[in-house]
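Visitor: The following comprises the amino acid sequence and a computationally predicted model.
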Amino acid sequence: MKKALSIIFLFAIVFSACERDNYAALIEKERQNIQQYIKKNYPTVYRYDKFQNVFFFNKDSVKKDEVCYHVTPEGEIYSLGEDSIYFRIIEVGVTTQPVKLFDRVQVRYKEATLDGMRIEDYWSTLDLLHPVEVIFGDIPITGSEQTRANCAGWQSAIAMMQYSETVAEIIVPSKLSLYRNYESVTPCIYRFSFRVVPR
C-alpha cells in the first residue's frame, strides 16, 4: 500500500512539474507573439518609466498624465511594461467627466485575438442588452478570482484613459485578461471604451 501511494505521489509531482514547464513555455510564446505584433504594427513604442512618471521613445518623452489629452498618432503605442498592457488613444473623452476610484463604469468593447481568429463584440446594446459594468479600482486577482466581465488589463486601461467616453485600443496579455484568456494563455486586442455611471 505504501509503495502504491509513493508511486502515485511521485507521479503527481512529475505531472505538476511538466504542467509548470508547459505553462512557462506558453507564456514565453505569448510574449514573443505580442512583440511580433507590436513590431509589425507600431514602429514607435513609448515605454513607461515609473520612477519618472514619463513614457519614453528614444529621446522623446510624454508625461503620463498628458497621454489622455491627445489622440495617439497612427503607428504609435504606449507600453506600461513588458508583461503589462499596450494602449493608444483613438478618441479623447469628455474631459469634464474624469473617472474616480470606486466609480461604477459601463464598458463597451470589441475583443479579438492577435491573429484575428476570435472576435467578441459588445460595442452596442444590440450586441448585449445590458452594458458590462465594473467598479474602477476593483482589480481582480489573477487566476480563479478573475471574472468573465472584469480584468486587471481593463482597469489599467481605464486608469490611463481617465475620461468617460474615451476610446482606446488596448493589447492585454493573458495574465491580465478575462478568465477565458487567462486559462488559454491568449493575448487579446480590444477596441475599448467606458462611461462613468452618474452617482
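Guide: Nice, I can see it. Residues are numbered from 1 along each chain as shown.

Visitor: just the helices in the chain please.
Guide: All helices of the chain, identified by DSSP state H, fall at 2-41, 152-161, 179-184.

Visitor: Lowest mean pLDDT across these, which one is that?
Guide: Mean pLDDT is lowest for helix 2-41 among those, at a mean of 72.

Visitor: mind showing which ranges of this structure have poor pLDDT?
Guide: Scanning the chain for pLDDT under 70 picks out 1-21, 127-129, 141-148.

Visitor: Please repeat the previous calculation with a cut-off of 80.
Guide: Along the chain, the parts satisfying pLDDT under 80 run over 1-21, 125-130, 139-149.

Visitor: What segments of it are strands?
Guide: Assignment of strands within the chain using DSSP state E yields the ranges 44-49, 54-57, 60-63, 76-79, 86-91, 104-113, 119-122, 132-135, 167-172, 188-196.

Visitor: so what's Lys50 up against?
Guide: For Lys50, no contacting residues are found, by CB atoms under 8 Å, 6 or more residues apart in numbering. Every C-beta, even on glycine, is put in place using the N, C-alpha and C of the backbone.

Visitor: Distance check, it against Ser84.
Guide: In this view, Lys50 and Ser84 are 11 Å apart by CB to CB, to the nearest Å.

Visitor: Repeat that for Val134.
Guide: 18 Å.

Visitor: neighbour-wise, which of the two wins?
Guide: Ranked by neighbour count (other CB atoms under 10 Å), Val134 and Ser84 place Val134 first, with 21 against 17.

Visitor: now the more buried one, which residues is it bridged with?
Guide: Bridge pairing for Val134 (DSSP bridges) gives the partners Val105.

Visitor: try Thr113
Guide: Here Thr113, judged by DSSP bridges, has bridge partners Cys188.

Visitor: Tell me how many other residues surround it.
Guide: Neighbourhood size, Thr113 [other CB under 10 Å]: 16.

Visitor: For the strands of the chain, could you give me a markdown table that also reports distance to Glu28?
Guide: As requested, the strands of the chain are exported to a markdown table (distance: least, CB to CB, whole Å):
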| stretch | distance to Glu28 |
| --- | --- |
| strand 44-49 | 20 |
| strand 54-57 | 25 |
| strand 60-63 | 30 |
| strand 76-79 | 18 |
| strand 86-91 | 18 |
| strand 104-113 | 18 |
| strand 119-122 | 26 |
| strand 132-135 | 30 |
| strand 167-172 | 17 |
| strand 188-196 | 18 |
